[in-house]
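# when you get a sec, could you give me coordinates for this:
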Amino acid sequence: MSIAPPREHADWQGEDVTVDEVVARLLRLNREHAHHAHGHGQTRTLNLIVAAGPDVPDGAVRARLEETLMRFPSRTLVLREHPDDRLDAAIEIDCAVLDAPGAAGYCHDAAVLYADEERLRHADSLVRPLLIAGLPSVLWLPGTQPRPCEAPLARIVDAVVLDSGPADVPREAFARAARLGAAAPVRDLAWMRLRRWRQRVAATFDVPQRLALLNAVERLEIRFGGPDAATPLLLLGWFAARAGWSIQRIGGAAETWSGTAQRGDGGRVALTLGSNGRDGAEHRRGIHELALHADGETLRVIEPVAEPGVAEAFAMALRTFDEPAPGYEPALAAIAQGLAAA
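Presented below is the predicted three-dimensional model:
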C-alpha cells in the first residue's frame, strides 16, 4: 500500500482587497516555497477557473478538485458571490514533501475570490491578472444555474466545462451551452457520458441492411430512468442529426417525453423517451435502451457496459478540452429545434 507524502501548506486571507494585492500575496507564497529547503517545484499544466452556481456547496467543489489535483495540476481560481460591495480573497499553496535524495516536491496554488454581483459581471478583469501566462485556461461551471460571471469568463478561456445532465429544465441548459459555445468550445459532461452509447449505436449501423432501415423507421424509443432527461435528449439529438432527420417537436418533463421527427424522405417518426415499466425499468437509472420500430420489426440497442460516471467524464473533459467534440453542436441544434417548437 502506497503512503501519501507529507504535505506543507500556507495560506492568506484578506477582506476588502484589490486584485493587485491578491496577485502580490500569491506571488510571495510561491517564492517562499520555491526557496524552501525541501525544493518544491511547480507542476501546473493549466489555469482552472471555477465559477460554481448557488446550487453547489463549497464542499462538493473542493472534493472534485482534490480528486483531479494529482492528474491535472493547475493554478485554480474559484469565484463565489457574496452580497457585500467589496472583494474578499483567500489564497493557499499546498506542497508535497518528497524525502528521496534529489527529489523535488510539487506544489499547487489556488485563490478564492468573493465578490458582489456587479464585480462578477466583469469577472474577466478579476481573473486575468491571476492567470499564468503560457498555460491554457479552462472554465468549469459546476451546477446548472447561470452565473453573472460566466459570459465574460468564457471570452478569455480555451474551453468551458459544464454538465447539462442535472438540469431541471433541459431547454434552459441547452440554451446556456449554445450561448457559451459561441465564445469558447464547450465540454458538456452529459455529452461525454454518452460516449459509449454513441459508439454502440454507430457500430450497430455499420451493417448496410440496418442503415437502410433508417428510411423506414416509424417510431424511435429511448428508455431511461432517473431525473437526468437532458442526457437522453442529447442522444436523441445526436441520432437525429446523424440520420438526417429533423426533430419537429419534443416536449415533456421529468421521465416522460414525446414528439415527432421527419425523416429525410419526408416520412414521420414518433418519438418516445422514458420508462415504459417493462422489466422493472422504472427503477433503473440512466439510459438503458434505444429501440427503432420499422415495418413490424424492432431493432434494439441495449445499455453499454460501464458508461463513464461524472468523475470520469470530468477527467476526460480536462484531458481533451483542446480537441474537437464532433457531433455535439449538431446534436444540440437538433434537440433545441424540437424543444423550441413544443
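
# which residues touch the helix or strand harbouring A336?
Using DSSP states H and E, A336 sits in helix 328-341. Residues from elsewhere that reach helix 328-341, judged by C-beta atoms under 8 Å, 6 or more residues apart in numbering: 170-171, 174-175, 177-178, 181, 186, 188, 191, 233-234, 236-238, 240-242, 245-251, 259, 261. All C-beta spots, glycine's among them, are computed from the backbone N, C-alpha and C.

# just the C-alpha atoms of stretch 293-305, please, in PDB.
Only the C-alpha atoms of stretch 293-305 are listed here, as PDB (Å, rounded to 0.1, in the frame of the first residue of the first chain):
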ATOM      1  CA  HIS A 293     -39.600   0.200 -34.900                       C
ATOM      2  CA  ALA A 294     -40.000  -0.200 -38.700                       C
ATOM      3  CA  ASP A 295     -42.200  -2.400 -40.900                       C
ATOM      4  CA  GLY A 296     -43.200  -4.600 -38.000                       C
ATOM      5  CA  GLU A 297     -39.600  -5.200 -36.900                       C
ATOM      6  CA  THR A 298     -37.800  -3.800 -33.900                       C
ATOM      7  CA  LEU A 299     -34.100  -3.100 -33.600                       C
ATOM      8  CA  ARG A 300     -32.900  -2.700 -30.000                       C
ATOM      9  CA  VAL A 301     -29.600  -1.300 -28.800                       C
ATOM     10  CA  ILE A 302     -29.000  -2.300 -25.200                       C
ATOM     11  CA  GLU A 303     -27.200  -0.500 -22.500                       C
ATOM     12  CA  PRO A 304     -23.400  -0.400 -23.000                       C
ATOM     13  CA  VAL A 305     -21.100  -1.700 -20.200                       C
END
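
# and the strands in the stretch 201-342 of the chain?
Under the criterion DSSP state E, counting those that start in this stretch, the stretch 201-342 of the chain contains strands at 219-225, 246-253, 256-262, 268-274, 286-294, 297-302.

# for R119, which of those is the nearest?
Comparison of the strands of the stretch 201-342 of the chain against R119 by C-beta to C-beta identifies strand 246-253 as nearest, at 36.3 Å.

# which residues are contacting the closest one?
The set of residues external to strand 246-253 that reach it, using C-beta under 8 Å, 6+ apart, is 229, 233, 236-237, 240, 257-262, 271, 273-274, 334-335, 337-339, 341-342.

# stretch 162-175 now?
By C-beta under 8 Å, 6+ apart, the surrounding residues in contact with stretch 162-175 are 140-142, 144, 176-177, 180, 186-191, 193, 227-231, 233-234, 310, 313, 332, 335-336, 339-340.

# ends of that stretch, what's the gap?
Counting by C-alpha to C-alpha, to the nearest Å, the length from the leading to the trailing residue of stretch 162-175 is 13 Å.

# can you give me the offset of the helix holding A336 from its chain's centre?
The offset between the C-alpha centroid of helix 328-341 and the centroid of the whole chain comes to 18 Å, using C-alpha atoms, centre = their mean, to the nearest Å.

# in it, which residues are buried?
Neighbour-count burial for helix 328-341, with 16 or more other C-beta atoms under 10 Å as criterion, is recorded at Y328, E329, A331, L332, A334, I335, A336, Q337, G338, L339.

# quick one: pLDDT of the fourth one?
Confidence at L332, expressed as pLDDT, is 96.

# related to what we said a few turns ago, for the buried ones among the contacts of strand 246-253, write the corresponding PyMOL selection.
Entered in PyMOL, the line below selects the buried ones among the contacts of strand 246-253, by 16+ other C-beta under 10 Å:
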select buried, resi 229+233+236+237+240+257+259+260+261+271+273+274+334+335+337+338+339
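
# follow-up on the earlier one: between the strands of the stretch 201-342 of the chain, which one is closest to V127.
Between those, strand 286-294 lies closest to V127; by C-beta to C-beta that is 35.3 Å.

# what comes up buried for that closest one?
Using 16+ other C-beta under 10 Å as the burial criterion, the residues of strand 286-294 that qualify are I287, H288, E289, L290, A291, L292, H293, A294.

# now do the fifth one against G59, distance only.
Okay, so that is A291. Applying C-beta to C-beta, to the nearest Å, the value for A291 to G59 is 41 Å.
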